[in-house]
Each structure stands twice: as structure tokens, then as C-alpha cells.
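[1] Okay, here's the prediction I keep looking at, along with the sequence it came from:
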Amino acid sequence: MEQSRRRLAVAALTLAVLGALVAGGIALARPEREQETVKGHLFPIPSTDERVTVEVLNAAGRQGLARTVTRVLRQQGLDVVFLGNAGTTVDSTRIVARRGDAAAAQRVRDALGHGRVVVETDTLRRVDVSVIVGPDYRPELPLHP
């Protein structure tokens, strides 16, 4: 009986200490103002004021193209939150403004260096811009970053 009480007390104390450490770590990990770049980080981190969320869909029929475009956009400081296949093929690359903000789509187009900007409002999508990559896109990247 005495031993089980001791174990229970030790477990409760351990949980309390862990809870305090986690709560303190969360408070310290979130600075009040986000920095534009973090020293030593591979890609620039966008501030919340300039943040454009992007999805990249491969509609070219060439494997790995969405990942390549994602790398290009992230190197330019854009926040790619999803990448995958479009399910169909298209003849040319389109940059679609999903929230009606053509300036955000133009920023993505400038970072990519290719594509046609189109405004197609879609409130069900959780991104600002969709990039539908066509077979006309030819990336100019080194083999490895």
C-alpha cells in the first residue's frame, strides 16, 4: 500500500514538472513579432503580413514536377502548403488566384518566372493561389540544393 502511494506521488510530480516545462517552452517558442528571415535557415520565412499560401498541382504528366516547383517557390519565400497531382493534364501552366487577389497570383508568377495569371474565386480552397503546372514549364535548377 505504501509503495503504490509513493509511485502515484512520483507519477503526479513527474507529470506536473513535464506540464510546466511544456507550457514554458510554448511561451518561449512564439516570439511576438515574426522575423522575415531566420539566420541559418535554408529558405526565407515570410512574415504574416506578406504571407501567400500556395498549392502546387502537377498537370504535366511528368513525375516530380510539383516538388520542383515547390522548391522554387519556397526559395522565393512563398508558403507552399500542399503539393500533388491535378488528376488531369493541361497544355500550359496557370497561376490561379483563389481568393480574388490578382497581386498575390502575380507575385507567385514572378517567383516562378512562368505561367498565366487567372482569377477564379473558390472559397472552398484554403489557399490564396493554386499553381497548375503544365508541360510547358521547364525549371532551371541545379541538380541538388
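    Done, it's in. Numbering: from 1, shown residues only.
[2] Report the beta-bridge partners for residue 84.
    In this structure, residue 84 bridges to residue 57 when assessed by DSSP bridges.
[3] pLDDT score assigned to it?
    The model reports residue 84 with a pLDDT of 96.
[4] domain assignment for the protein?
    Domain assignment for the chain by automatic domain parsing gives 1-30, 53-133.
[5] what's the most buried one of those?
    For those, average neighbour numbers computed from mean count of other Cβ atoms under 10 Å are highest in domain 53-133, which has a mean of 18. No exception for glycine: its C-beta is placed from N, CA and C like everyone else's.
[6] Lowest average pLDDT across the domains of the chain?
    domain 1-30 - the lowest mean pLDDT of the domains of the chain, at a mean of 74.
[7] quick one: the helices in this structure?
    Ranges of helices within the chain are 2-29, 65-75, 102-112, based on DSSP state H.
[8] would you list the ones you listed in a markdown table and tack on distance to residue 94?
    Formatted as a markdown table, the helices of the chain follow (distance: least, Cβ to Cβ, whole Å):
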| stretch | distance to residue 94 |
| --- | --- |
| helix 2-29 | 38 |
| helix 65-75 | 12 |
| helix 102-112 | 10 |
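[9] Among those, single out whichever gets nearest to residue 134.
    With Cβ to Cβ, the closest approach to residue 134 among the helices of the chain belongs to helix 65-75: 9.3 Å.
[10] returning to that earlier point: export the domains of the chain to JSON lines and tack on distance to residue 140?
    Formatted as JSON lines, the domains of the chain follow (distance: least, Cβ to Cβ, whole Å):
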{"stretch": "domain 1-30", "distance to residue 140": "37"}
{"stretch": "domain 53-133", "distance to residue 140": "8"}
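[11] dump the residue contacts of residue 70.
    Counting by Cβ atoms under 8 Å, 6 or more residues apart in numbering, residue 70 touches 56, 80, 83.
[12] rerun at 10 Å
    Applying Cβ atoms under 10 Å, 6 or more residues apart in numbering to residue 70 gives the contacts 54, 55, 56, 58, 78, 80, 81, 82, 83, 131, 133.
[13] quick one on the thing from earlier: among the domains of the chain, which comes closest to residue 139?
    domain 53-133 (5.0 Å).
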